[in-house]
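Asks: Fold the following.
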Amino acid sequence: MFSRNAFLFYIVSLFLATLVLSKFPGHNGDMPFYIACVIEKEQGSADNVVVKTKEVLQKELPAGEYQDHAARITSAPR
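Replies: Down below sits the predicted model:
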């Protein structure tokens, strides 16, 4: 009986965590660098990668988060 209740509690907790995280996604500081890597791989060169990364970030993120991530990618050593 304990095993069944523990499993049910686990499933409900997992569902609730998934629901909350889908409504309020978090973005870590590595996100702009991953975007830049994908853009660089797709185009085959590093030309204008930072500019294109900022365009993607601006399109996908709210203004406050965009400023944080854009500053992070701009200040990164090249």
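Asks: okay, CA-based contacts and neighbour counts for the rest of this
Replies: OK.
Asks: Which parts of the chain are strands?
Replies: Here the chain has no strands by DSSP state E.
Asks: got the contact list for Ala70?
Replies: By C-alpha atoms under 8 Å, 6 or more residues apart in numbering, the residues touching Ala70 are 32, 54, 57.
Asks: Those, buried ones only, as a ChimeraX selection?
Replies: Entered in ChimeraX, the line below selects the buried ones among those, by 16 or more other C-alpha atoms under 10 Å:
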select :32,54,57
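Asks: okay if I get the contacts of Ala70 as TSV plus pLDDT and distance to Lys23?
Replies: TSV is the format used below for the contacts of Ala70 (pLDDT from 0 to 100; distance: C-alpha to C-alpha, whole Å):
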residue	pLDDT	distance to Lys23
Pro32	92	21
Lys54	95	24
Leu57	94	19
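Asks: Leu19: which of the contacts of Ala70 is nearest?
Replies: Using C-alpha to C-alpha, Leu57 comes nearest to Leu19 of those, at 23.8 Å.
Asks: any idea how far Ser13 is from the closest one?
Replies: Noted for Leu57: a distance of 31 Å to Ser13, by C-alpha to C-alpha, to the nearest Å.
Asks: tally of neighbours for Glu73?
Replies: That one is not Glu; residue 73 is Ile. Counted with other C-alpha atoms under 10 Å, residues neighbouring Ile73 total 20.
Asks: no wait, Ile35
Replies: For Ile35, the neighbour count with other C-alpha under 10 Å is 18.
Asks: so what's it up against?
Replies: By C-alpha under 8 Å, 6+ apart, the residues touching Ile35 are Thr53.
Asks: same deal with Thr53?
Replies: By C-alpha under 8 Å, 6+ apart, the contact list for Thr53 reads 32, 35-36, 39.
Asks: so where's this structure uncertain?
Replies: 1-2, 78 (pLDDT under 70).
Asks: Just want the most central residue of it.
Replies: Nearest to the geometric centre of the chain sits His27, at 4.1 Å (C-alpha atoms, centre = their mean).
Asks: can you tell me how far that one sits from Pro62?
Replies: In terms of C-alpha to C-alpha, His27 sits 11 Å off from Pro62.
Asks: for the protein, what spans make up the helices?
Replies: Listed in chain order, the helices of the chain (DSSP state H) span 2-23, 31-43, 49-60, 63-74.
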